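J.: coords below, sequence missing:
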């Protein structure tokens, strides 16, 4: 279980190794359950305490007034609690005086206890009871005077403090009134006290219980108790050197308003003190079970870990129980109030490939095929699972053992040829499923005893290297398998799942064959063309084209098949299936199967890979689809023998007198450049008709269709595709031309070995300090801000020609070779011409082009999003993976967020107040969006900030939020002295000189300025406050799913949302974006005051918006953990109150003196 991010109460239970060993060594589920009986033992005093934390406890200074309350109500409440504490301390002192007089009486009780034991050994049960009553009476008589004294002391304490709660009164009474039969002599333990079962404490119970005061926030909802145990037979030093030498039981604690009073916790908290090193003896008044209550010991999580305090020794077997202990908040608040300790918890650590196990499983827990706890080998642990049954599927069909059955006749397929039968195609998160219209398609015959109504069909697959059919024949596995699922017509689906022959599944193997029938090809084309629309789990698309089951099966022989009785092949693996596995496989064109496999892998296996029409998606950056994978995913050409690009070795270039000059038609036409587009991979400019080339030893004329660019990372990291003598240029421009006879049909051209002619122009930085040159390139790059999203395009106005862009290049000097396209499918159909002269472009334009285009094309994402598949909620892409999936920055040296150590913040007198322009404008909030990772609000133009020691003014672009899980689990990104807040609001600002171009801003170390505001729960029971936040959260129901957005109505301003924050008090440091690519380009300002929002509104964020659709999880824990510390500055401290007072007195004296004149 993920450790709770909140407050911590540490309870150390230490054994001195009695004869029966420690409470818990390495335990099983049964061991833990059995332990509960032992915990009922009352505790006797020991002579030594063991400190397993091996480190000093961090404690607060305890000085009054060190922490400031945000409101008067909280201050008054704390003062009242402190008064209660002082009253309780006086009670405790009186109690100690009373206790000193009881020791003589305890000797009397011990003698009575010895006589009682002798009676038990000799008498029958009735005599034993009588002996106990007699001993009790003696003990009661001996202690009578002391009980009277204790009662009087209690009454005096009650007169001093009338506000002591009922639970506290009960605890004090139990402290003062020595329980009958439980007193022991501190100096002489002649015989151990007896447990309820008659055994002595030395025989298996706890020798000593030592408590350390823990820590809670001022108002805390969740805490944690740790019971620490040493492995039997080991000393503390030996246990800490053993990877399993220590076992810790962790119990979550819920602090609730309405929990019933708890006497054990009242007693426990009555011993708390703020004096470091103080120990108190509990005197046999409470047991461990009294503290734990009714927690179910059979439900727990298990993992291998460490101590949570230095030296953080990795020697712990952790057991964390699922059910919490519920305790009244008034009792839990005593821990910080009495001890002075706050925030004593360690932040959540990375699992680092460790596995967390559990003895139970929620009914809604997901299953998977790979990369999760409940993969196939653990499906039997799922609720109502039959996955460990005796007739499970799939199976290996051994043909030599097959028995002939004459009853297996031909099937009758009703409406398998119905072109409207397939209704929807769905990404289930586990497969691609085609649902059918109800009661339309049926199957019968084939040895089936009943008629079956067909419900759906779905697919199983592996990878190009690892075939993925479920059934095998003589151990042969096929690339894919299709299952057509039907249920008995006379049964409901629920009844069918419980009936041994309630379901009939037809299994068809699928393999590749380039000569598959036209019918099958067309059917699979329709299927695969829909896959790009179901990228997200649970997404669904309606099938409007004509598509039947027969279209997918083609002319496969359906008369030859295998039959056996089995189960569903996915949880709950109901053993209700009559299986039919056909001998002959369906043959599908390899490109279509590849499209289905890779696109379907998107359904939770390879995010980001999808099918667009008939091509498989590829990329430059993601490991799952970059150029290292192309030879596998596109084997037809990308592993061919004439692939491009190449390194051109000029010394080896052979002279060819046929390489004459080209004829360029309409290259000077200033209206030829028609459309500029962000293709997701590059920036492409489409050309108008009439632009063509000839000559240059080409066999005929070629139509010029488009040009596009390739780049690295600005001028610093070159990115040309071709190199010359090993030299790589910053950029490369490719003009793509196809033989004129193909009339622009690139499919036909790519099948011709020289059907395409590509021109390559190398681009490098113009010498000198010129900017904005050449003019044509300045015009071209001006369009980039209009195509920042994948798929964006914009028409180009007349004004620049191809000749303008190719300025300075001698078109008669070039290299020639036969190669391929440089992107999948890498068709070897290209006559390459690479020109020797380079195009010279000024550095500023190249930087703009490279950075903007890189962001556009998913290589250097902007602040508004990336194509790297990062997330907060999945282990495969959460923040622990970001340094790997976005290594260019996310493992940098000035990463954000950080913990702000207030004591280390350096004064900086330059941190003057900000100027906020249009923050009061109630029409400035434009649109609210669910990004799938956060909630973001965009601003109208004209909102900006300046001052605050910023180098220039910054345009405010948007704000977004980070949160945990409601108000109970904090989710701020920054922390202050280790404290996390429920939420954090970030306002993102971009240097005004960049005109809102964030891709330019992220290349500047101070290009962005982020304002961070903490949000915490408003004190009291207010709801729907502040009003501005009530209005803001009212939009959440309109953006429940990823990608949803809605325009906002005028009514609230940024000032309204930032209510109560003194914006002159803040911390400053230089950091990064807190999401990939984590660009280190941010001047961070984190304000000291928090925004107070009522609990009900904070909870809406984690209970309303989903990651993607209705079946996806709610968006919770949307924060990155704190990174390495950075230097933090803040405003110098104001003059002390004493100096202010002196100054005021001086003015008074001066005024009096002047009055006398």
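T.: Perfect, thanks for sending it. In this text the structure is predicted, and so the values were computed from the model without any measurement. Residues are numbered from 1 along each chain as shown.
J.: Can you report how many residues neighbour residue 329?
T.: Residue 329 has 16 neighbouring residues, counting by other Cβ atoms under 10 Å. Where C-beta positions appear, they are placed from N, C-alpha and C, glycine not excepted.
J.: Once you drop chain neighbours, what's closest to it?
T.: In space, and not counting its chain neighbours, residue 329 is closest to residue 255: 4.4 Å by Cβ to Cβ, 6 or more residues apart in numbering.
J.: Contact partners for residue 500?
T.: Shown in contact with residue 500 (Cβ atoms under 8 Å, 6 or more residues apart in numbering): 565, 575-576.
J.: pLDDT and neighbour count added to those residues, as JSON lines?
T.: Output for the contacts of residue 500, formatted as JSON lines (pLDDT from 0 to 100; neighbours: other Cβ atoms under 10 Å):
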{"residue": "565", "pLDDT": "97", "neighbour count": "13"}
{"residue": "575", "pLDDT": "96", "neighbour count": "22"}
{"residue": "576", "pLDDT": "96", "neighbour count": "25"}
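J.: Between the two ends of stretch 542-550, what distance do you get?
T.: The first and last residues of stretch 542-550 sit 19 Å apart, counting by Cα to Cα, to the nearest Å.
J.: So which bits of that stretch are buried?
T.: 543, 547-550 (16 or more other Cβ atoms under 10 Å).
J.: Go through those residues and name the one nearest residue 986.
T.: Nearest to residue 986 among the buried residues of stretch 542-550, counting by Cβ to Cβ, is residue 543 at 42.7 Å.
J.: Which phi and psi values does the residue lying closest to the closest one once chain neighbours are set aside adopt?
T.: Nearest residue to residue 543, sequence neighbours excluded (Cβ to Cβ, 6+ apart): residue 422, at 5.1 Å. Dihedral pair for residue 422: phi -80, psi 120, per degrees, to the nearest 10.
J.: okay, now the domains of the chain?
T.: 11-59+73-339, 402-616, 647-856, 879-1130 (automatic domain parsing).
J.: Turn those domains into JSON lines, columns for distance to residue 871.
T.: Putting those into JSON lines (distance: least, Cβ to Cβ, whole Å) gives the following:
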{"stretch": "domain 11-59+73-339", "distance to residue 871": "22"}
{"stretch": "domain 402-616", "distance to residue 871": "9"}
{"stretch": "domain 647-856", "distance to residue 871": "19"}
{"stretch": "domain 879-1130", "distance to residue 871": "7"}
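J.: in the stretch 751-900 of the chain, which ranges drop under the pLDDT threshold?
T.: When residues are selected by pLDDT under 70, those of the stretch 751-900 of the chain lie in 849-869, 875-876.
J.: ok, residue 353 - how many residues close by?
T.: The local packing of residue 353 (other Cβ under 10 Å) involves 6 other residues.
J.: related to what we said a few turns ago, got a list of what the residue nearest to residue 543 touches?
T.: The contact partners of residue 422, by Cβ under 8 Å, 6+ apart, come to 434-436, 543, 547-549.
J.: Okay, it and residue 1124: tell me how far apart.
T.: With distances taken as Cβ to Cβ, to the nearest Å, residue 422 is found 54 Å from residue 1124.
J.: Next, format the contacts of residue 500 as a markdown table and append distance to residue 894.
T.: Formatted as a markdown table, the contacts of residue 500 follow (distance: Cβ to Cβ, whole Å):
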| residue | distance to residue 894 |
| --- | --- |
| 565 | 64 |
| 575 | 59 |
| 576 | 59 |
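J.: Sitting in helices, which of those do you find?
T.: Residues of those located in helices (DSSP state H): none.
J.: among these, which are in strands?
T.: By the criterion of DSSP state E, membership of these in strands covers residue 565.
J.: Kindly indicate which of the contacts of residue 500 lies nearest residue 320.
T.: Set against residue 320, the nearest of these by Cβ to Cβ is residue 575 (35.2 Å).
J.: Poorly predicted segments of the stretch 301-450 of the chain, please.
T.: In the stretch 301-450 of the chain (pLDDT under 70), the answer is 360-366, 370-373.
J.: count of residues packed around residue 675?
T.: 15.
J.: nope, residue 414 is what I was after
T.: The tally of other residues near residue 414 (other Cβ under 10 Å) stands at 15.
J.: Might one say that it is in contact with residue 441?
T.: Yes - Residue 414 is within contact range of residue 441, at 6.5 Å (criterion: Cβ atoms under 8 Å).
J.: Let me see the ranges of the strands in the stretch 551-700 of the chain.
T.: 561-566, 577-582, 586-588, 611-612, 615-616, 647-648, 662-665, 673-678, 683-687, 692-695 (DSSP state E, counting those that start in this stretch).
J.: could I get the ones you listed as JSON lines with distance to residue 368?
T.: Compiled in JSON lines, the strands of the stretch 551-700 of the chain are given as follows (distance: least, Cβ to Cβ, whole Å):
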{"stretch": "strand 561-566", "distance to residue 368": "21"}
{"stretch": "strand 577-582", "distance to residue 368": "21"}
{"stretch": "strand 586-588", "distance to residue 368": "26"}
{"stretch": "strand 611-612", "distance to residue 368": "22"}
{"stretch": "strand 615-616", "distance to residue 368": "24"}
{"stretch": "strand 647-648", "distance to residue 368": "44"}
{"stretch": "strand 662-665", "distance to residue 368": "57"}
{"stretch": "strand 673-678", "distance to residue 368": "34"}
{"stretch": "strand 683-687", "distance to residue 368": "38"}
{"stretch": "strand 692-695", "distance to residue 368": "54"}
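J.: pLDDT score assigned to the residue nearest to residue 329?
T.: On pLDDT, residue 255 comes in at 78.
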